[in-house]
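Enquirer: Here you go, sequence then predicted model.
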Amino acid sequence: MTTVYDFTVKKTNGSEQSLKELEGKPLLIVNTASKCGLNNQFKEIQEMYDNYKDQGLEILGFPCGQFNNQEFDNIEETTEFCQLNFGVTFPMFGKIDVNGENEDPLYRYLKSEKGGLLSKDIKWNFTKFLIDRNGHVVERYAPTTKPGKIEKDIMKQL
């Protein structure tokens, strides 16, 4: 049986990281976009990370420019923007596609485990997936779902 921990992702420097390194930790996986109108969620996501990282929560941000090209082309610009404007310290990874023929394998898996309202495709930036300590997708949240609204679900996984 496949879990999130079976995947390898690209870090911002281009090197690879196995998610197996996070085995046993609950995860919140988010496709992000710096120039999106929902980017104020970075602040709430960071607050959640600050509040729960010592209890094991890991938050993984995956920049994506598929929705109105709302992400910088240069990953250094993305990380700098997120750090300067929102104080982001949770791990951000390399820019990916979350839909289509070049979609990242991790996102193909996430979508197969929890489809959206009308289809499995990611509809917009800041779609969130909650992963339990065993690497299974617990829930998928819409882009407009504020991070504070999922805090109770996260606490159940801690």
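Expert: Noted; the coordinates are in hand.

Enquirer: residues contacting the closest residue to residue 128 other than its chain neighbours?
Expert: Leaving aside its sequence neighbours, residue 128 sits nearest to residue 141 (C-beta to C-beta, 6 or more residues apart in numbering; 4.2 Å). All C-beta spots, glycine's among them, are computed from the backbone N, C-alpha and C. Contact analysis of residue 141 by C-beta atoms under 8 Å, 6 or more residues apart in numbering lists 127, 128, 129, 130, 149, 150.

Enquirer: Can you add distance to residue 27, secondary structure and pLDDT and give these back as JSON lines?
Expert: Shown next, in JSON lines, are the contacts of residue 141 (distance: C-beta to C-beta, whole Å; DSSP: H, G, I helix; E, B strand; the rest coil; pLDDT from 0 to 100):
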{"residue": "127", "distance to residue 27": "14", "secondary structure": "coil", "pLDDT": "97"}
{"residue": "128", "distance to residue 27": "10", "secondary structure": "strand", "pLDDT": "98"}
{"residue": "129", "distance to residue 27": "8", "secondary structure": "strand", "pLDDT": "98"}
{"residue": "130", "distance to residue 27": "8", "secondary structure": "strand", "pLDDT": "98"}
{"residue": "149", "distance to residue 27": "18", "secondary structure": "helix", "pLDDT": "96"}
{"residue": "150", "distance to residue 27": "13", "secondary structure": "helix", "pLDDT": "96"}
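
Enquirer: which of these sit farthest apart?
Expert: 129 and 149 (14.7 Å; C-beta to C-beta).

Enquirer: And the residue positioned nearest the centre of the chain, how close does it get to residue 1?
Expert: Central residue of the chain (C-alpha atoms, centre = their mean): residue 30, 2.0 Å from the mean position. Going from residue 30 to residue 1 by C-beta to C-beta, to the nearest Å gives 24 Å.

Enquirer: swap in residue 115?
Expert: Plainly put, residue 115 is 18 Å away from residue 1 if you go by C-beta to C-beta.

Enquirer: now swap in residue 33 and tell me
Expert: Between residue 33 and residue 1 the distance is 32 Å, computed by C-beta to C-beta.

Enquirer: of these two, who's got more company?
Expert: residue 33 (24 against 6; other C-beta atoms under 10 Å).
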